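>>> When you get a sec, could you give me coordinates for this:
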Amino acid sequence: MDLGAELIFGYAAADILGQHSDCLFTQGDRAEHQLRREMLTARLAGSAADYRWHVRRGGSLFWADGVMTPVRDADGALTGYLKILRDITASKLAEDEVRRLATIDVLTGLANRAAFDARRAEMMSFAARSGQLLLLLMIDLDQFKDVNDALGHQAGDLLLQLVAQRLRAVCRESDFVARLGGDEFALIQQNVPSPSTGGLLAEKLLAELSRPFQIGDREIAISASIGIAVCPLDAEAPDLLLKKADLALYHAKEAGRNCYHY
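So this is what the prediction gives:
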């Protein structure tokens, strides 16, 4: 092991000689025989690319970009393998953070519209395969514009953050909650026993959102309107289910707000 390898992995040559190279791979990669697969690819194709987590001495992980090539003698016989790695952990973590932020609503910390669209399709597909019912609730705040007009956008932003916290507090850990924009939120709940579960959940949400919010030295009272659509009873396609939930939300608002509608 050369000096560069010692700096990356933390092993001196005397420490690593005699050990199996698997110790440099994560437990998951060891279980999938990643090293053996890399060696086979390198032997057959002339090289094998590597882009994954590796393990330093002491157990800490780093992300590496590298390539393995076979080493042959003058007669072409295989004598070993050479692997060259670069530690790119910082750029990998930065890339992951950019990807995460692309799916997050920065104001509330909930999922954003793009993440909602992707997750809705994914969860509906799973519901169809497993024969489960899935609920889609569209939630719209009733007096949000009044708060913005009277107290300003800073107060409105704080109200949206508090609403997001209350929505998460009512939901199950497995529920998916998103802010779609403005004062509109969405909630997806899968594996429900019956369509009536949506009404029970909506009642909890309405009760939670009707409690006063403390904005600075002001106590703010709002309400919400909720539209509920059930997959597959109302629709089996993601866009059609969303359309049905939006229509139900419209009926809830027409019915006087602070209520839910299927």
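>>> For the stretch 151-262 of the chain, just list every one of the strands.
Ranges of strands in the stretch 151-262 of the chain, per DSSP state E, counting those that start in this stretch, are 176-181, 184-192, 213-215, 218-220, 224-231, 260-261.
>>> again, but for the stretch 1-150 of the chain
Taking DSSP E, counting those that start in this stretch, the strands of the stretch 1-150 of the chain run over residues 48-55, 61-72, 78-87, 133-141.
>>> re the thing from before, out of the strands of the stretch 151-262 of the chain, which one sits most buried?
Ranked by mean neighbour count, those are led by strand 224-231 with a mean of 25 (mean count of other C-beta atoms under 10 Å). Every residue, glycine included, has its C-beta placed from N, CA and C.
>>> Break this protein down into its domains, please.
Listed by automatic domain parsing, the domain ranges of the chain are 3-96, 104-261.
>>> Please identify the most buried of these.
Burial of these is given as mean neighbour count (mean count of other C-beta under 10 Å); domain 104-261 ranks first at a mean of 17.
>>> any chance of the domains of the chain in a markdown table, with mean pLDDT too?
Formatted as a markdown table, these follow (pLDDT from 0 to 100):
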| stretch | mean pLDDT |
| --- | --- |
| domain 3-96 | 87 |
| domain 104-261 | 94 |
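>>> Which stretches in this structure count as helices?
3-9, 13-16, 27-31, 34-45, 89-101, 113-130, 144-151, 153-170, 196-210, 238-254 (DSSP state H).
>>> Quick check: which of those helices is nearest to Trp63?
Across the helices of the chain, the minimum distance to Trp63, taken as C-beta to C-beta, is reached by helix 89-101, at 4.0 Å.
>>> for the closest one, packing partners?
Applying 3 or more C-beta pairs under 8 Å, 6 or more residues apart in numbering; DSSP states H and E, one finds that helix 89-101 contacts strand 61-72.
>>> quick one, the strand it packs on and strand 78-87 angle?
Strand 61-72 runs at 150 degrees relative to strand 78-87, counting by axes from the mean of the first three to the mean of the last three C-alpha atoms, to 10 degrees.
>>> Please identify the pairing partners of strand 61-72 and their relative orientation?
If you go by DSSP bridges, strand 61-72 pairs up with strand 48-55 (antiparallel), strand 78-87 (antiparallel).
>>> so how far is it off the chain centroid?
30 Å (C-alpha atoms, centre = their mean, to the nearest Å).
>>> Dump the strands of the stretch 1-150 of the chain to JSON lines, plus distance to Cys23.
Formatted as JSON lines, those follow (distance: least, C-beta to C-beta, whole Å):
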{"stretch": "strand 48-55", "distance to Cys23": "7"}
{"stretch": "strand 61-72", "distance to Cys23": "13"}
{"stretch": "strand 78-87", "distance to Cys23": "14"}
{"stretch": "strand 133-141", "distance to Cys23": "45"}
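>>> who's in contact with the nearest residue to Gln34 once chain neighbours are set aside?
Nearest in space to Gln34, with sequence neighbours left out and distances taken as C-beta to C-beta, 6 or more residues apart in numbering, is Phe25 at 5.7 Å. Going by C-beta atoms under 8 Å, 6 or more residues apart in numbering, Phe25 touches Gln34, Leu35, His54, Val55.
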